[in-house]
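> Coordinates for the following, if possible.
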Amino acid sequence: MKILGIESSCDETAAAVVENGSKLLSNVVASSMNIHAKYGGVVPEVAARSHIEVIIPLVKEALSNANCSWYDIDAIAVTYGAGLSGSLLIGVLAARTLAIALNKPLQRINHVEAHVYANFLTESVVPGLSMPATAPDFPMLAIIVSGGHSQLALFKGHGNYTLLGQTQDDAIGEAFDKVAKILGLPYPGGPSIERIAATGNEHAYNFPKAKMSGYDFSFSGPKTAVLRAAQAAAGESFDFPSIFLPERLKMAQKADIAASFQRSAFETIIDKAKQAYLEYKPVSVVLAGGVASSGKLREMLSSAMSISLAYPDPKLCTDNAAMVASLGYYKLKLSENTTDPFTLDVAPSLSM
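Residues are numbered from 1 along each chain as shown. As a prediction, this is how the structure comes out:
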C-alpha cells in the first residue's frame, strides 16, 4: 500500500510517498527557514504564503521521485494539527482537493504522533539517508522533543498510547530558540547552541532543572536562569535589556552558557525518560521530533539508558511528510474510519 503524505504545520512544506509504512520511496521538503531567520523566529503569515507557492509542485515532485502515478497511490495522509493555523490550512486544503478530485481515501494525522513514526521507516530508496535496521517493538516509550512539544508517551501498540507527561510551559526547542536569542546566536536555536557549545565548558554554570511532578517538564525557569547568568557575565544588573547582551558577552562566555544550558536541558529530558523506563519496562525506547536530530542528545541518551537505541536519520527528525505517510498507513491498517475530505478542518491546538 502506497501512501502520499503531506505536511505543512510550520515553516516546512513537505510531501513523501511511503510503501507499507516502512519503505520510503520519496521525501521532498521545502523550507522557508532562511526567511524566518531574519526575524529570529517563524512569522505565521510568511510561512503560509510560502506553503501556497510550493505545495503542488512538491506533491508532483514526490510522485515523480517515487516513480508513481496517481493510479499507484492508495491513500493520502495529511497533518491537520497541531501547528500554525494558516500553515495547516494550506496542506489540508491541498489534500482535501486531491482526495475529492482523484477519489482517494484521506486520513487526518496528528503531527506530534507522526514524529514517532519516523522510527518505523526502515527502508529507503532516497539517497543519503541512514535507516534503522528494524522497527521498534511494543510496548514502546517515545521521547518527543521539538520546538513546540516535549512529551513522554507509552505506546502499547499502533493507535494505543498513553501520554505520561509533557511540558507545562516552554517546549525544549522553544527554550533553545530563546536562549540562542539571548546569546545573539542565529535561529533556529538548537543547532546554533550545539555548535558553539562544542567549544564551551558544560559545567561552567549549574542551571536549575525544574522539579515537576510525575513526568511533566518545565523549561521556563531554566531559560530565565540563563538570562540572569548572561546579565551577570556582562557585569550588568537584572534590569539590563536582553537585546544588548550579545554585544557585551565574549565568545567564550557565550560558549560556556550555551554548553551548560544544553547539558541541563538534555538532562531534564533524560532523567524523566530513565524514570519512565524503569517504571514501565518498555521493550523499545525511541526519540522523536526536531530536537532528536541533536548529536549531543543522542550521545547523552545512549550513555544514560541501559537499552540499545536506534535513531531516525536527522533529516527525518525535523518536520517531513514521510512520518505522516507512515502513520497514515498504520491508521488505515487498523481499519480506522477515513476522513471526510469535504469536512476536514485544521486543529492548531491539537494534543496527543
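> pLDDT weak spots in the chain?
For the chain, applying pLDDT under 70 flags the ranges 32-39.
> name the helices or strands packed onto the longest helix anywhere in it?
Secondary structure of the chain per DSSP state H: the longest helix is helix 251-280. For helix 251-280, the helices and strands in contact under the criterion 3 or more CB pairs under 8 Å, 6 or more residues apart in numbering; DSSP states H and E are strand 140-145, strand 150-157, strand 160-166, helix 172-183, helix 189-197, helix 220-233, helix 295-304. Every residue, glycine included, has its C-beta placed from N, CA and C.
> just those: most buried one?
Burial of the helices and strands packed on helix 251-280 is given as mean neighbour count (mean count of other CB atoms under 10 Å); strand 140-145 ranks first at a mean of 26.
> tell me what it is packed against?
helix 111-116, strand 150-157, helix 251-280, strand 284-288.
> With distance to Leu141 added, can I get these in CSV?
As requested, these are exported to CSV (distance: least, CB to CB, whole Å):
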stretch, distance to Leu141
helix 111-116, 10
strand 150-157, 6
helix 251-280, 6
strand 284-288, 5
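> Minimum distance to Arg195: which of those has it?
Of all the helices and strands packed on strand 140-145, it is helix 251-280 that lies closest to Arg195, at 8.7 Å by CB to CB.
> Map the structural domains onto the sequence of the chain.
2-136+313-333, 164-304 (automatic domain parsing).
> re the thing from before, can you lay out the helices and strands packed on helix 251-280 as a markdown table showing distance to Ser8?
Conversion of the helices and strands packed on helix 251-280 to a markdown table gives the following (distance: least, CB to CB, whole Å):
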| stretch | distance to Ser8 |
| --- | --- |
| strand 140-145 | 19 |
| strand 150-157 | 21 |
| strand 160-166 | 23 |
| helix 172-183 | 18 |
| helix 189-197 | 21 |
| helix 220-233 | 28 |
| helix 295-304 | 26 |
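> circling back: quick one: work out the angle between the longest helix of the chain and helix 295-304.
In terms of direction (axes from the mean of the first three to the mean of the last three CA atoms, to 10 degrees), helix 251-280 departs from helix 295-304 by 40 degrees.
> How far does helix 251-280 sit from its chain's centre?
Offset of helix 251-280 from its chain centre (CA atoms, centre = their mean, to the nearest Å): 17 Å.
> Distance-wise, check the residue positioned nearest the centre of the chain relative to Pro188.
The centre of the chain sits closest to Gly289, judged by CA atoms, centre = their mean, with a distance of 2.7 Å. From Gly289 across to Pro188, the span is 13 Å (CB to CB, to the nearest Å).
> How about Cys317?
Applying CB to CB to Cys317 and Pro188 gives a distance of 13 Å.
> How about Leu88?
For Leu88, the distance to Pro188 - CB to CB - is 20 Å.
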